[in-house]
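Visitor: My questions concern the predicted model and sequence given below.
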Amino acid sequence: MYKIDWNKWHDILDESISAFDLDAGAWLAEKFKLHWNCDGDDPVSAQSLLSVIKEVCTDLIEKYETGWKFSADQHLKNNTYYDAGMLCEEVNMFIHIDNPEIALPKLIVKLRKDESDKLYFEILIESVGQMF
């Protein structure tokens with residue numbers, strides 16, 4: 001089993017989460033009554049959003065460090081894929097009211113490299129045709 005050096009990732013994770021506007025994400029979730037499941041009994045809050053972001057980033061770190069390759073027989077919790085060589089993970093959110101401003105919302109986390117090959121996480125909330 002591969003051992004991950006979590007010290008290497010601490011600052012990357014911390015800086016990436018700090019760059020994400022958690023207040024705006026929580027505001028958006030409250031405004032549109034977003035939930036983590038289709039039953040509507042797990043609303044998205046600032047605390048749950050932060051928790052899910054950390055969970056997804058941790059999952060992407062583990063996949064990155066172990067050279068993850070998609071396998072059709074693997075049962076993934078979230079939609080995970082490579083996009084132009086970047087590991088990405090999408091967490092579906094659910095809206096339980098009719099609203100033309102938002103449809104199929106999701107949290108998207110991408111593990112990226114900047115111009116100097118420094119790793120970071122791009123974290124965003126996306127609805128159809130819009131990013132927040």
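Guide: Thanks, I have it.
Visitor: So in terms of bridging, what pairs with the residue sitting nearest the centre point of the chain?
Guide: Nearest to the geometric centre of the chain sits residue 109, at 3.5 Å (CA atoms, centre = their mean). With DSSP bridges as the criterion, residue 109 is bridged to residue 89, residue 123.
Visitor: ok, now how distant is it from residue 121?
Guide: 6 Å (CB to CB, to the nearest Å). The C-beta positions use only the backbone N, C-alpha and C, and glycine is treated the same way.
Visitor: And the helices in the protein?
Guide: With DSSP state H, the ranges of helices along the chain come out as 6-19, 22-31, 46-65.
Visitor: So which elements touch the last one?
Guide: Just to be clear, that refers to helix 46-65. Counting contacts by 3 or more CB pairs under 8 Å, 6 or more residues apart in numbering; DSSP states H and E, helix 46-65 packs against helix 6-19, helix 22-31, strand 79-83, strand 86-92, strand 106-113, strand 119-127.
Visitor: Show me the contact partners of the fourth one.
Guide: Going back to what we said before, that points to strand 86-92. 36, 52, 56, 59-60, 63-64, 68, 78-82, 104-112 (CB atoms under 8 Å, 6 or more residues apart in numbering).
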